[in-house]
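Visitor: predicted model follows, preceded by the sequence.
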Amino acid sequence: MAEITADPFAFPARTGEMALIVIDMQRDFAEPGGFGASLGNDVSRIGRIVPDVQRLIAGFRTAGLPVIHTMECHRPDLSDLPPAKRDRGNPALRIGDEGPMGRVLIAGEPGTDILAEVAPIAGEIVIEKPGKGAFYATPLGAILKEKGITQLVFAGVTTEVCVQTTMREANDRGYECLLCEEATESYFPDFKAAAIAMIRAQGAIVGWTAHIDDILKGLSDA
Ligand code: C5J
């Protein structure tokens, strides 16, 4: 067993049972004209983590470990979009509306695509999810079970919404979860810091957090 230097204590890595989950690195969250921007957010923050997400993905690919990507998106007929989600807030564009990158957060539209720099390669699993958590209404749990995965390393956006929700879902399902601090981002720096703090508080009540170099070292030592 390899150890990854982490907070609040070393992560007991079993690389044979480990996968990387890259949450929602989509144009809709990172580029002007998408869902994130329609809610009034400064989306430029998201692009800044792309090089570290790339490095983390490359480390997993080099180690021969699974990389699983998620996309927050809905069916074109909106049958998986609860009115409570579509009507929330006062966005410039609602989910399903026609925007500069196609229909906002709809499967198959240009804005829903994963950023080219961190896009899946052939053979990697992509989970389309209608909720914030990646386990809700998706085959993710069954896929992980079939692959014998028990440990999940997390990257992606946004830290306190889809990343944290998925980590909490995974933690309740018995997975050991580790969040890479440099490979996640929020529109709100304070929320990122708070999410990281609450995940690892109380003896890793939701999971561990670690720096990218320590995770990559743990993978290469294993
Ligand atoms: C949000 C996400 N923030 N991927 N989605 O609505 O975190």
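Guide: It's in. Everything quoted here is computed from the prediction, not taken from an experiment.
Visitor: which parts of this protein are helices?
Guide: Per DSSP state H, the chain carries helices over the ranges 27-30, 35-38, 44-47, 50-63, 83-86, 140-147, 164-172, 189-204, 212-221.
Visitor: among these, show me which one is buried the most.
Guide: Comparing the helices of the chain by mean neighbour count (mean count of other Cβ atoms under 10 Å), helix 27-30 ranks first with a mean of 26. C-betas here are computed from N, CA, C, even on glycine.
Visitor: which parts of this protein sit against the ligand?
Guide: By Cβ under 6 Å from any ligand atom, the residues of the chain that approach the ligand are 24, 29, 72, 132, 157-158, 161-162.
Visitor: can you tell me which of those are in strands?
Guide: 72, 157 (DSSP state E).
Visitor: pLDDT added to the residues of the chain next to the ligand, as TSV?
Guide: Listed next are these as TSV, based on pLDDT from 0 to 100:
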residue	pLDDT
D24	99
F29	98
E72	98
K132	98
V157	98
T158	98
V161	98
C162	98
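Visitor: among the residues of the chain next to the ligand, name the buried ones.
Guide: By neighbour count, with 16 or more other Cβ atoms under 10 Å, the residues of the chain next to the ligand hold 24, 29, 72, 132, 157-158, 161-162 as buried.
Visitor: contact partners for F60?
Guide: F60 makes contacts with 19-20, 66-67, 153, 219, as judged by Cβ atoms under 8 Å, 6 or more residues apart in numbering.
Visitor: can you lay out those residues as CSV showing pLDDT?
Guide: Compiled in CSV, the contacts of F60 are given as follows (pLDDT from 0 to 100):
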residue, pLDDT
A19, 98
L20, 98
P66, 98
V67, 98
V153, 99
L219, 96
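Visitor: from the residues you listed, which is closest to A13?
Guide: Checking those against A13 with Cβ to Cβ, the nearest one is L219 at 7.9 Å.
Visitor: okay, the residue lying closest to G102 once chain neighbours are set aside: pLDDT?
Guide: Residue nearest to G102 in three dimensions, not counting chain neighbours: E109, with 3.3 Å by Cβ to Cβ, 6 or more residues apart in numbering. In this model, E109 is scored at 98, pLDDT.
Visitor: do I149 as well
Guide: For I149, the pLDDT comes out at 98.
Visitor: residue contacts, the closest residue in space to it that isn't next to it in sequence?
Guide: Leaving aside its sequence neighbours, I149 sits nearest to A19 (Cβ to Cβ, 6+ apart; 4.7 Å). With contacts defined as Cβ under 8 Å, 6+ apart, the neighbours of A19 are 60, 65-68, 144, 147, 149, 151-153.
Visitor: ok, 10 Å please
Guide: A19 makes contact with 60, 65-68, 125, 143-144, 147-153, 175, according to Cβ atoms under 10 Å, 6 or more residues apart in numbering.
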